[in-house]
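> Here's a sequence, model it:
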Amino acid sequence: MAEPQQAHVELVVKDDDDEKKKAAAEEDSGKHVDPATLICDPNLTLNDGKAYVITKRPESSSGKSHSEAAAADPTPIELVADAEEVDLNHCRVATMANFTVLQKAETIGLRNNMITRIEGISQLVGSLRELELYDNQITRIENLDELVNLEILDISFNRLTKIEGLEKLVNLRKLFLVNNKIEVIENLDTLVNLDTLELGANRIRKIENLGHLSKLTQLYLGKNKIAELENLGQLKALTLLSIQSNRIVSMKTGLEELTELDQLYISHNGLQEIEGLEKNVKLTTLDVAGNRIKRLANIEHLQQLEDFWVNDNQVEDWRNLEAVLGKLPALQTLYLERNPVAADPMYRKKLMLIAPKLRQIDATMCRA
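Numbers count the residues shown, from 1 in each chain. Got it, this is the predicted structure:
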C-alpha cells in the first residue's frame with residue numbers, strides 16, 4: 001500500500017511592529033516556495049529565520065502529489081510571537097521543534113495532533129504554565145526539565161509506558177496521563193505541589209509510591225488492574241478517590257486514614273459488602289454501582305451523604321433498605337435501578353416514603 005502523501009503548513013512568526021511586518025511581506029511577496037520541495041519527514045522542520053515550516057498531513061491525500069496535497073490546505077498556521085495562549089488543537093501538527101519562538105506563551109494546546117516527541121519548548125522557562133498534548137503519538141516524557149513553572153500537564157491518550165522526566169517540575173499541580181500503557185506508579189516523589197493526579201485507563205496493578213504527595217486532593221485510578229486498596233494512608237488531604245473498574249473485592253481496609261474524603265467512586269469491582277468507611281464521615285458522594293452487593297450496611301454513620309449510587313447490584317430486601325436509608329438525613333440522590341427491588345411496582349413510592357428528602361431516584365427527578 002502506498003504511503004499517504006503529506007502536505008505542509010508554514011508557522012509564521014508575527015511581529016507587533018507594523019513596519020517590519022509590511023517590509024517582510026513585500027520581501028516575501030516575490031518569493032514562491034514549491035510545496036513539493038518542502039520537507040516531507042514529519043519529524044523535521046525548516047527554519048530560515050522568518051518562516052517556520054512544519055509537516056501537516058491532510059485529512060485525505062490518496063493519489064495526490066506533494067504539491068496537490070499542500071495546495072488542498074493552503075491556509076498557514078501563524079505563530080504569534082507575543083501570544084500568551086496558543087491553540088493548535090486538531091491541526092495535524094507532526095512536530096514541536098520550532099516552538100521556541102513562543103517565548104510569552106502561558107498555555108499551549110496541541111490536542112489531537114500527530115506529535116511523536118516532546119521537543120522545542122525547553123526555552124519557554126519563564127512563561128509556560130499549561131501544556132496539553134492530549135491524543136498524540138508520544139512514547140516518552142522528555143525535554144521538560146527546564147519548565148519549572150509548569151502547573152498543568154496533560155499527556156493523556158498517547159503511547160507512554162513509563163512515568164519519567166517529571167522530577168524537575170516541582171510546581172506542577174495537575175498531571176493527566178490517562179489512557180496510556182503505564183504499568184507502575186513511580187518517579188513522582190518531587191511533585192510535592194500536585195493536587196490532581198489522573199492515571200485512569202492504564203495497566204497499573206498496585207497503588208504505590210504516592211506517599212510524598214501530601215497536597216494531593218484528587219486521585220483517579222479507574223480502569224486499571226488494581227486488586228487492593230493500599231498505600232493511601234499518607235494522602236491525608238485526599239477529598240476524591242476514583243478507583244472504578246478495577247479488581248477490588250474488599251474495602252475493609254485501606255481508607256481509614258482518608259478522613260477528608262468527600263467523594264468515593266469504587267463502582268464496577270467485585271465488592272460483596274460496603275465496609276471500612278467508619279472514619280470517612282465527610283463523604284457526600286458514594287458510588288458502589290456494578291458490584292455484587294446484596295445488603296446495604298455500614299453507612300448509617302455517613303450523615304453528610306447526599307449522592308448514593310448502588311445500581312446494578314443484587315439488593316433485594318426492602319426491610320434492609322428502610323433500616324439503612326432512613327438513617328441518612330442528607331440523602332438527595334439515590335440510584336437503585338437494576339437491583340431486584342427495582343422490579344417492585346411501588347419502587348419509587350416506597351423509596352420516597354423511606355427517604356422523604358430524596359430529590360432524584362435513578363435518572364428521574366422526584367415530584368415535589
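> element containing I274?
Of the helices and strands defined by DSSP states H and E, none includes I274.
> May I have the residues that are in contact with the nearest residue to V178 once chain neighbours are set aside?
Leaving aside its sequence neighbours, V178 sits nearest to S156 (C-beta to C-beta, 6 or more residues apart in numbering; 3.7 Å). Just so you know, the C-beta spots here come from the backbone N, C-alpha and C atoms, and that holds for glycine as well. By C-beta atoms under 8 Å, 6 or more residues apart in numbering, the contact list for S156 reads 134-135, 176-180, 198.
> same thing but 10 Å
111, 132-136, 175-180, 198-201 (C-beta atoms under 10 Å, 6 or more residues apart in numbering).
> In strands, which of those appear?
132, 175-176, 198 (DSSP state E).
> Quick one, grab the pLDDT at H90.
For H90, the model assigns a pLDDT of 91.
> ok but it is inside a helix, no?
No: going by DSSP: H, G, I helix; E, B strand; the rest coil, the assignment for H90 is coil, not a helix.
> Verify the stated contact: it with N112.
Yes: under the criterion of C-beta atoms under 10 Å, H90 makes contact with N112 at 4.5 Å.
> intersection of neighbour lists for these two?
With C-beta under 10 Å, 6+ apart, H90 and N112 have common neighbours D135.
> okay, those two: which has more neighbours?
More neighbours surround N112 than the other of H90 and N112, with 17 against 12 (other C-beta atoms under 10 Å).
> contact partners of the helix or strand in which I108 is found?
Assigned by DSSP H and E, I108 belongs to strand 107-109. With C-beta under 10 Å, 6+ apart as the test, strand 107-109 has contacts from 83-91, 96, 99, 102, 121, 124, 127-134, 152, 154.
> Export stretch 191-208 to CSV, keeping only CA atoms.
What follows is stretch 191-208, C-alpha atoms only, in CSV (Å, rounded to 0.1, in the frame of the first residue of the first chain):
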residue,chain,number,x,y,z
LEU,A,191,6.0,16.7,42.7
VAL,A,192,5.1,17.9,46.2
ASN,A,193,2.6,20.5,45.0
LEU,A,194,0.5,18.1,43.0
ASP,A,195,-3.2,18.3,43.9
THR,A,196,-4.7,16.3,41.0
LEU,A,197,-3.3,13.0,39.5
GLU,A,198,-5.2,11.2,36.8
LEU,A,199,-3.9,7.7,35.8
GLY,A,200,-7.1,6.1,34.6
ALA,A,201,-7.1,3.5,31.8
ASN,A,202,-3.6,2.3,32.1
ARG,A,203,-2.1,-1.1,33.2
ILE,A,204,-1.4,-0.4,36.8
ARG,A,205,-1.7,-3.3,39.2
LYS,A,206,-0.6,-1.7,42.5
ILE,A,207,-1.2,1.6,44.3
GLU,A,208,2.3,2.7,45.4
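> what's the model's confidence in it, averaged?
98.
> buried set for it?
For stretch 191-208, burial by neighbour count (16 or more other C-beta atoms under 10 Å) applies to 191, 193-202, 204-205, 207.
> and those as TSV, adding distance to L147?
Formatted as TSV, those follow (distance: C-beta to C-beta, whole Å):
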residue	distance to L147
L191	13
N193	14
L194	15
D195	18
T196	18
L197	18
E198	19
L199	21
G200	24
A201	25
N202	23
I204	25
R205	30
I207	28
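> Burial check on E186, number of neighbours?
Counted by other C-beta under 10 Å, the residues lying close to E186 total 12.
> is it true that it touches L199?
No: using C-beta under 10 Å as the test, E186 is too far from L199 to be in contact (11.1 Å).
> Report the set of residues contacting both of the two.
In contact with both E186 and L199: I163, using C-beta under 10 Å, 6+ apart.
> Give me the spatial nearest neighbour of R173, chain neighbours excluded.
E151 (4.8 Å).
> Backbone dihedrals for the one you found, please?
Note on E151: backbone dihedrals following degrees, to the nearest 10 are phi -110, psi -30.
> Quick check: the closest residue to H212 other than its chain neighbours vs P340, distance?
Nearest residue to H212, sequence neighbours excluded (C-beta to C-beta, 6+ apart): D189, at 4.5 Å. Computed as C-beta to C-beta, to the nearest Å, the D189 to P340 distance reads 48 Å.
> for I293, same thing?
With C-beta to C-beta as the criterion, I293 and P340 are 12 Å apart.
> V310 now?
On the measure of C-beta to C-beta, V310 and P340 end up 12 Å apart.
> ditto for I354
Distance, I354 to P340, using C-beta to C-beta: 16 Å.
> So for the two, which residue has more residues nearby?
Each of I354 and P340 has its neighbours counted (other C-beta under 10 Å); I354 has more, 18 against 14.
> That one touches E322, doesn't it?
Yes: with contact defined as C-beta under 10 Å, I354 reaches E322; the gap is 5.1 Å.
> Fine, thanks again, bye for now.
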